[in-house]
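K.L.:
Give the three-dimensional model of this entry:
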Amino acid sequence: MVVITLQRNKCIGCNYCVELAPGQFQMSKKDGKSVLLHATEKKGFHTLKSPDNSILESCEQATKACPVKIITTKLI
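P.N.:
Residues are numbered from 1 along each chain as shown. Purely as a prediction, here's the structure:
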């Protein structure tokens, strides 16, 4: 299971996550910040739990590329 977390309120809208993991992220047309698709939100943290381990590599690349370090990716 892959767990991805995004602290959306700290997003600066650089778009790296969308470029590296377009199946999991997109940019909001309303505020220009990243959206973690199919995520649940709790206290400002948007979390996606996916049984699809094939998304791990692209999400780890997005985590490393994020200049404000607001994305985490874990394999549990």
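
K.L.:
Would you mind measuring from residue 59 to residue 72?
P.N.:
9 Å (C-beta to C-beta, to the nearest Å). Heads up, the C-betas are built off the backbone N, CA and C, glycines and all.

K.L.:
What of residue 19?
P.N.:
18 Å.

K.L.:
just to revisit the earlier point, spit out the residues that contact residue 59 and residue 72 alike.
P.N.:
Both residue 59 and residue 72 are in contact with residue 4, where contact means C-beta atoms under 8 Å, 6 or more residues apart in numbering.

K.L.:
what separates stretch 16-28 from the chain centre, distance-wise?
P.N.:
7 Å (C-alpha atoms, centre = their mean, to the nearest Å).

K.L.:
let me fix that: stretch 10-22
P.N.:
8 Å.

K.L.:
now the helices: where do they sit in this structure?
P.N.:
16-20, 56-65 (DSSP state H).

K.L.:
Just the buried residues of the first one, please?
P.N.:
Of the residues in helix 16-20, those buried under the neighbour-count criterion (16 or more other C-beta atoms under 10 Å) are 16-18, 20.
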